[in-house]
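[1] Got a sequence here, can you build the structure:
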Amino acid sequence: MRKSEELLKKAIEIVEKAEEKGVYVRLLGGLAFDYLARNAKSKELRREHDDIDLAALRSQAGKLKEVLLALGLEPNNVFNALHGYERLQFFYGTAKVDVFLDYFRMCHFIDLRSRILSSRIALPPSDLLLT
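    Predicted coordinates for the structure are as follows:
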C-alpha cells in the first residue's frame with residue numbers, strides 16, 4: 001500500500017471514530033482532494049502525501065485529543081502547548097497530523113466553523129480550493 005493510501009485510510013478512520021464520539025472533524029489539504037477524487041481514473045490527479053490535515057471545532061478539541069490518542073497518535077506536546085488554542089499537532093508514525101481549530105490561518109484566513117458540519121469526511125471542494 002502506498003503511503004498516501006495508508007494516510008488516507010487513517011484519516012478516514014479518525015473522522016469516523018471521532019464522529020462516533022460526537023466530535024466533528026473533516027479532511028483538509030491534499031488527502032481531502034484524494035478522497036473527493038477517489039474514483040477518478042486519471043493518474044495525474046494522484047500525488048504522494050506525507051501528512052494529514054484536518055479541520056475541527058475548537059469547542060471539541062479536548063474530546064478530539066482523546067480520540068486521536070485512542071487511535072495511537074502521538075501528540076506534539078510543545079507545539080500544542082504553544083498553539084493549542086488554534087491548532088493541534090500529532091504524529092502518526094513519521095507523518096505529521098495538523099488539526100486546524102475553527103479557522104484556517106496561513107497567508108490568509110478562512111472561518112471553517114460553519115463549514116465543518118456542511119459535509120461528511122472532507123470539507124466541501126469550494127473550501128478546499130480557498131485553502
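
[2] Look at the closest residue to residue 130 other than its chain neighbours and give its secondary structure.
    Counting by Cβ to Cβ, 6 or more residues apart in numbering, residue 130 lies nearest to residue 110, which is 5.6 Å off, once chain neighbours are set aside. Every C-beta, even on glycine, is put in place using the N, C-alpha and C of the backbone. Three-state call for residue 110 (DSSP: H, G, I helix; E, B strand; the rest coil): strand.

[3] Residue 110 against residue 116, yeah?
    No: counting by Cβ atoms under 8 Å, residue 110 stays clear of residue 116, with 11.6 Å between them.

[4] sorry, back to before: the residue nearest to residue 130: neighbour count?
    Residue 110: 15 surrounding residues under other Cβ atoms under 10 Å.

[5] all helices of the protein, in order?
    Remark: helices assigned in the chain by DSSP state H are 3-20, 30-36, 61-70, 77-83, 125-130.

[6] Comparing the ones you listed, which comes out most buried?
    Most buried of these by mean neighbour count (mean count of other Cβ atoms under 10 Å) is helix 30-36; its value is a mean of 20.
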